[in-house]
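[1] next come a sequence and a model predicted from it.
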Amino acid sequence: MVKVLIPSGALGLGYDRAALARGIAEKPDIIAIDGGSTDSGPHYLGTGTSKYSRGSTKAEWRELMAARAEAGVPLIIGTAGTCGADDAVDWLVEITREIAAETGASLKLAVLKSGQSPEAMAQAFEAGRITPLAAAPEVTAETFRECSNIVALAGAEQVQAALNTGADIVIAGRTTDTAIISALPLARGCHAGGAWHGAKIGECGALATTSPNSGTILIAFDETGFTMTPMGAEARATPHTVSAHMLYENSDPYILYEPGGHLDVRGASYTALDDRQVRVEGSEWVPSDTYTVKLEGALLGGYQTVSLALVCDPRYVAHIREWCDDIHAKCSAKARDRVGGEFTMELRLIGVDATLGPLDTAPVVGSEVGVLGIVTAPTEAQSREVAKMLNPYLLHHPLTEQEEMPTFAFPFSPAEMSRGAIYEFCLNHVLELDDPMAAFTLTTEELGA
């Protein structure tokens with residue numbers, strides 16, 4: 001049996017300290033936590049930076065390092081620094097060095113990096129070793145060259161290589177969310193389908209329980225499946241909460257693709273052992289003929305300036321779409337004439353359908369609407385110039401030419417806020433590898449020695 005303790009869904013989110021203590025008392029074989037994912041958008045991969053504050057990350061990582069020392073087992077984090085880019089990995093490595101120095105800890109650190117050279121990926125694409133997944137955007141070799149960061153998603157094999165160094169702590173770049181949990185059970189001969197399925201259920205900590213915010217769970221893997229046990233005092237795992245997690249961030253509730261194969265849970269059974277624990281068996285791991293890793297890439301999408309106007313006049317609220325359509329048409333024409341170049345202008349209606357847009361089939365409008373202006377252009381100066389042209393329209397534009405000029409409200413001054421460079425995801429492709437480690441680098445160092 002292999003016990004994997006998962007403190008929370010991601011480092012920086014917080015967790016129940018008492019639940020973590022109960023988990024340590026269960027004598028886990030490894031502590032595994034995720035560092036992030038693509039959930040927060042392309043900015044973090046584009047810039048190689050973390051979504052979470054350094055202070056929160058350091059405080060939680062310090063606690064987990066102490067818990068690791070108490071348990072005497074490895075601590076591993078995947079997708080370090082939110083995006084898993086090499087710079088984000090280095091950021092967490094530096095935090096780890098600081099903590100080790102401050103606490104006097106002596107430990108072995110393994111660093112698994114997932115960053116890819118844009119030029120090398122362009123050449124791999126031209127050689128036919130990179131292929132698109134469903135709904136992948138059209139790309140050329142130049143697309144890869146233009147990326148600020150490209151990462152490959154490591155699987156169990158790469159994580160196992162890092163653990164095989166005997167490291168006390170493994171800091172991994174971009175990994176699949178499941179790889180850091182499944183790696184040790186797979187290496188020790190646990191049921192392959194159960195290892196991958198349990199890893200999927202455990203990837204977000206207590207999200208697959210009745211108390212998602214409690215964070216910490218323990219998953220015990222063995223030769224036929226796995227058992228999930230929440231560590232939160234009030235948290236319960238049920239067949240419903242556990243089975244439903246296959247729907248989370250997954251296009252198919254029965255199939256999950258990973259490097260080297262896919263998980264098939266159509267034959268899985270979910271059994272409540274008591275009012276808190278769930279046993280799962282019957283999952284199947286299906287190896288693939290070729291070994292591929294998914295690629296994620298981000299490139300510069302331009303520069304953006306935003307502004308926000310608040311409209312509460314009943315007549316304008318009732319006709320807000322007509323008002324915005326007129327502003328968009330007139331301001332866009334003026335900007336094309338006076339500024340030129342390529343730009344986009346959006347007016348999103350907060351309080352109407354800003355979240356879902358046209359997908360919202362039954363929007364309900366209140367007494368006030370926020371109009372969010374978003375201008376994106378190839379340069380920051382052009383983006384700001386067009387946004388400044390939008391300013392008087394949002395402040396004073398009338399519904400008709402035969403009425404008094406209205407005045408609406410900006411919640412701050414200046415009304416325009418520069419968002420700087422923005423990034424966009426540009427890849428949904430896989431890279432074929434003859435050797436699973438070929439796209440990854442693994443180094444070790446001794447801290448406090």
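    Here it is on my side, so go on. Numbers count the residues shown, from 1 in each chain.

[2] quick one, helices of the chain?
    In the chain, the segments counted as helices under DSSP state H are 17-25, 43-47, 54-71, 86-103, 118-126, 141-146, 156-163, 179-187, 192-202, 239-244, 314-318, 320-338, 380-396.

[3] can you list contacts of the longest one?
    Counting contacts by C-beta atoms under 8 Å, 6 or more residues apart in numbering, the residues outside helix 320-338 that touch it are 311, 316, 343, 345, 347, 349, 352, 365, 369, 371, 385-386, 389-390, 393-394, 397, 399. Quick note: C-beta positions are derived from backbone N, CA and C, even for glycine.

[4] what is the mean pLDDT for that helix?
    Mean per-residue pLDDT for helix 320-338: 95.

[5] run the chain-centre distance for it.
    35 Å (C-alpha atoms, centre = their mean, to the nearest Å).

[6] that helix versus helix 380-396: what angle between them?
    Here helix 320-338 runs at an angle of 140 degrees relative to helix 380-396 (axes from the mean of the first three to the mean of the last three C-alpha atoms, to 10 degrees).

[7] what ranges do the strands span in the stretch 301-449 of the chain?
    Assigned by DSSP state E, counting those that start in this stretch, the strands in the stretch 301-449 of the chain fall at 344-350, 369-377, 417-425, 429-433, 441-447.

[8] okay, now the sheet partners of the fourth one, with direction.
    The strands beside strand 429-433 in its sheet (DSSP bridges) come out as strand 130-132 (antiparallel), strand 291-311 (antiparallel).

[9] winner for burial among those?
    Comparing these by mean neighbour count (mean count of other C-beta atoms under 10 Å), strand 291-311 comes out on top with a mean of 21.

[10] buried ones from the contacts of helix 320-338, can you make that a ChimeraX selection?
    Those of the contacts of helix 320-338 that count as buried under 16 or more other C-beta atoms under 10 Å are selected in ChimeraX with:
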select :311,316,343,345,347,349,352,369,371,385,386,389,390,393,394,397,399
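
[11] if we can go back for a sec, for the strands paired with strand 429-433, which one sits closest to residue 6?
    For the strands paired with strand 429-433, proximity to residue 6 was assessed by C-beta to C-beta; strand 291-311 is nearest, at 22.1 Å.

[12] hmm, back to that, including distance to residue 301, could the helices of the chain go into TSV?
    Output for those, formatted as TSV (distance: least, C-beta to C-beta, whole Å):
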stretch	distance to residue 301
helix 17-25	39
helix 43-47	8
helix 54-71	26
helix 86-103	19
helix 118-126	16
helix 141-146	11
helix 156-163	30
helix 179-187	29
helix 192-202	31
helix 239-244	35
helix 314-318	32
helix 320-338	19
helix 380-396	11
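
[13] contacts only, for residue 303.
    Residues near residue 303 by C-beta under 8 Å, 6+ apart: 376-380, 382-383, 418-422.

[14] any buried residues in stretch 394-414, and which?
    Neighbour-count burial for stretch 394-414 flags 394-395, 397, 399, 408 (criterion: 16+ other C-beta under 10 Å).

[15] gap between the two ends of that stretch?
    Stretch 394-414 stretches 13 Å from its first residue to its last (C-alpha to C-alpha, to the nearest Å).

[16] got it, and stretch 162-171?
    Using C-alpha to C-alpha, the end-to-end distance of stretch 162-171 comes out at 9 Å.

[17] ok, now stretch 169-185?
    17 Å.

[18] ok, back up a step: just send the strands paired with strand 429-433 back as JSON lines, with mean pLDDT and distance to residue 165 too.
    Listed next are those as JSON lines, based on pLDDT from 0 to 100; distance: least, C-beta to C-beta, whole Å:
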{"stretch": "strand 130-132", "mean pLDDT": "97", "distance to residue 165": "29"}
{"stretch": "strand 291-311", "mean pLDDT": "97", "distance to residue 165": "20"}
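
[19] against residue 290, how distant is the spatially closest residue to residue 184 that is not a sequence neighbour?
    Counting by C-beta to C-beta, 6 or more residues apart in numbering, the nearest residue to residue 184 once its immediate chain neighbours are dropped is residue 30, at 5.1 Å. Distance, residue 30 to residue 290, using C-beta to C-beta, to the nearest Å: 29 Å.

[20] of those two, who's got more company?
    residue 30 (22 against 10; other C-beta atoms under 10 Å).

[21] surely the more buried one touches residue 76?
    Yes: using C-beta atoms under 8 Å, residue 30 makes contact with residue 76 at a distance of 6.6 Å.

[22] show me what contacts residue 80?
    Going by C-beta under 8 Å, 6+ apart, residue 80 touches 35-36, 88-89, 91-92, 171-173.

[23] just the residues you listed now: which is nearest residue 431?
    residue 173 (14.5 Å).

[24] and the pLDDT at the closest one?
    97.

[25] coming back round to it: which neighbours do residue 30 and residue 76 share?
    residue 163.

[26] can you give me the neighbour number for residue 160?
    16.

[27] what is the end-to-end distance of stretch 339-357?
    Taking C-alpha to C-alpha, stretch 339-357 runs 28 Å from one end to the other.

[28] flag every buried residue along that stretch.
    Within stretch 339-357, the residues that qualify as buried by neighbour count (16+ other C-beta under 10 Å) are 339, 343, 345, 347-349, 351-354.

[29] bridged to residue 228, which residues?
    Where residue 228 sits in a bridge, its partners, by DSSP bridges, are residue 219, residue 278.

[30] quick one: contacts for it?
    Residues near residue 228 by C-beta under 8 Å, 6+ apart: 198, 201-202, 208, 217-219, 237, 242, 277-278, 280.

[31] buried among the residues you listed? Make that a PyMOL selection.
    Buried members of the contacts of residue 228, defined by 16+ other C-beta under 10 Å, are picked up in PyMOL with:
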select buried, resi 198+201+202+208+217+218+219+237+242+277+278+280
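
[32] which of the contacts of residue 80 lies closest to residue 54?
    Set against residue 54, the nearest of the contacts of residue 80 by C-beta to C-beta is residue 91 (7.9 Å).

[33] hang on, the closest one packs against residue 81?
    Yes: taking C-beta under 8 Å as the definition, residue 91 is a contact partner of residue 81 at 5.0 Å.

[34] what touches both of the two?
    In contact with both residue 91 and residue 81: 49-50, using C-beta under 8 Å, 6+ apart.

[35] more neighbours: which of these two?
    Remark: of residue 91 and residue 81, residue 81 carries more neighbours, 30 against 20, as counted by other C-beta under 10 Å.

[36] who's in contact with the residue lying closest to the more buried one once chain neighbours are set aside?
    Closest residue in space to residue 81, ignoring its immediate chain neighbours: residue 88 at 2.5 Å, by C-beta to C-beta, 6+ apart. Counting by C-beta under 8 Å, 6+ apart, residue 88 touches 35, 44, 48-50, 80-82, 173.

[37] ok, now with 10 Å
    With contacts defined as C-beta atoms under 10 Å, 6 or more residues apart in numbering, the neighbours of residue 88 are 35-36, 44-45, 47-51, 79-82, 115, 149, 151, 171, 173-174.
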